[in-house]
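just the structure for this:
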Amino acid sequence: MPQTIRPREGAPAPVRTGSRRAPIRVEPLTCTIGAELFGVNLGDASRDDDLFTQIKELLLRYKVLFLRDQDITRAEHVAFAARFGPLEDHPVAGSDPEHPGLVRIYKDLDSKAEHYENALHCDATWRAAPPMGAVLRCVETPEVGGDTIWVDMAEAHRRLPEHIKAQIADLRARHSIEATFGAVMPAERRRELKARFPDPEHPVVRTHPETGEEILFVNAFTTHFVNYHTPENVRFGQDYAPGAANLLNYLISQAAVPEYQVRWRWQRNSVAIWDNRSTQHYAVQDYWPAVRKMERAGIVGDATF
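Numbers count the residues shown, from 1 in each chain. Have a look, this model is predicted:
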């Protein structure tokens, strides 16, 4: 059932504007993350300041928004996403030549087997400034399967034991494209990729630049802590190895907790808009030999803190 929107503590209230447009109907999908929007066309939102502002405020509150029946053009897709900020290309996947920043994620019977999507991850944390978010539209989907899961990593941090929060408050970690996308490349090409994208260092707990929320910020791209080996943490060798790795694995595993998740079943012209700063996601690859075609516009983000 639709519910009256009340701002969560620390989250902005929905924007009230002078627009005569019918109000957006919002149906939350879980108790912590995700909402479906009704009565919205993203083509209109790409041209309407008030409508875009309302959608952005809802995104900050729910972290991922879902819409059905978005029969929009690729130009409208990228125009809407660009309202959030400049769009970025992907160094491995590339982008549509006519619509820079629009990545085609097409899986069919001739596609190579790969496992980059079906891991819980936050997009491109191997960048010094990871993406702010993304807008993903379904072009073709299996009749059954191919769902996507999103995870509220602010909730994951909130519900950590207090002694773990204290232990990780000042920790920092490396994230790597070389160890993920680069792993299947010939050594020379892998080293070239790392030279273009040196492993950045991010806080284990980042602060959301707009809501102020503290977010657990480790994922499948995270390789190791960089400032763990201190007298406070390491008494003997095993406290560091495997001690630090065990802690990192424990933190990464928090994204698998169902209470922090929302799962979305795709239909043609469905759209998901997510805040990459506060979420992780997982594309379920259970649908072979069916075809799944998605198009994603990724939005440039800011340096973490």
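
which residue comes closest to Glu201 once chain neighbours are left out?
Computed as C-beta to C-beta, 6 or more residues apart in numbering, the closest residue to Glu201 that is not its neighbour in sequence is Arg172, at 5.2 Å. Using the backbone N, CA and C atoms, a C-beta is placed for each residue, glycine as well.

tally of neighbours for the one you found?
Burial of Arg172 is recorded as 16 neighbouring residues (other C-beta atoms under 10 Å).

please apply the same query to Gly34.
Neighbour count of Gly34, defined by other C-beta under 10 Å: 24.

where does this protein dip in pLDDT?
Scanning the chain for pLDDT under 70 picks out the ranges 1-21, 93-94, 115.

which SSE is immediately downstream of the longest helix along it?
With residue count as the measure and DSSP state H as the assignment, the chain has helix 49-62 as its longest helix. Moving toward the C-terminus from helix 49-62, the next helix or strand (DSSP states H and E) is strand 64-67.

coming back round to it: just the buried positions in the longest helix of the chain, please.
Residues 51-62 are the ones in helix 49-62 that count as buried (16 or more other C-beta atoms under 10 Å).

as CSV, these with distance to Ala45 would be great.
Formatted as CSV, the buried residues of helix 49-62 follow (distance: C-beta to C-beta, whole Å):
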residue, distance to Ala45
Leu51, 5
Phe52, 5
Thr53, 9
Gln54, 9
Ile55, 6
Lys56, 10
Glu57, 13
Leu58, 11
Leu59, 12
Leu60, 15
Arg61, 17
Tyr62, 16
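
and the strands in the stretch 1-150 of the chain?
25-28, 35-38, 64-67, 102-107, 133-140, 148-152 (DSSP state E, counting those that start in this stretch).

closest one to Ala303 among the ones you listed?
strand 133-140 (15.6 Å; C-beta to C-beta).

contacts for that closest one, please.
By C-beta atoms under 8 Å, 6 or more residues apart in numbering, the residues outside strand 133-140 that reach it are 42, 59, 70, 72, 77, 80-81, 84, 106, 123, 148, 266-277, 291-299, 301.

still on that earlier bit, tell me the contacts of the residue nearest to Glu201?
201-204, 225-227.

just the buried residues from the residues you listed, in ChimeraX please.
A single ChimeraX command selects the buried members of those (16+ other C-beta under 10 Å):
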select :202,203,204,225
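
which ones among the contacts of Arg172 lie within strands?
If you go by DSSP state E, these have 201-203, 225 in strands.

make CSV from those and add distance to Glu259 to it.
Shown next, in CSV, are those (distance: C-beta to C-beta, whole Å):
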residue, distance to Glu259
Glu201, 30
His202, 25
Pro203, 24
Phe225, 26
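
from those, which is closest to Ala129?
Closest to Ala129, out of all of these and judged by C-beta to C-beta, is His202, at 10.0 Å.

re the thing from before, for the buried residues of helix 49-62, which one is nearest Pro97?
Distances from Pro97 to these, taken by C-beta to C-beta, are shortest for Phe52, at 26.6 Å.

how far away is the closest one from Pro186?
Applying C-beta to C-beta, to the nearest Å, the value for Phe52 to Pro186 is 44 Å.

repeat for Ala129
28 Å.

comparing the two, which shows the higher neighbour count?
Comparing Ala129 with Pro186 by other C-beta under 10 Å, the one with more neighbours is Ala129, at 13 against 9.

pretty sure Ile55 is touching Leu65, no?
Yes - with contact defined as C-beta atoms under 8 Å, Ile55 counts as touching Leu65 (6.9 Å).

intersection of neighbour lists for those two?
In contact with both Ile55 and Leu65: 37, 273, using C-beta under 8 Å, 6+ apart.

now do the helices in the stretch 51-200 of the chain.
For the stretch 51-200 of the chain, the helices defined by DSSP state H, counting those that start in this stretch occupy 74-81, 153-158, 162-168, 187-196.

contacts made by the shortest one with the rest, please.
With C-beta under 8 Å, 6+ apart as the test, helix 153-158 has contacts from 32-33, 63, 122, 165, 205, 208, 213-217, 254-255, 257, 259-260, 278-280.
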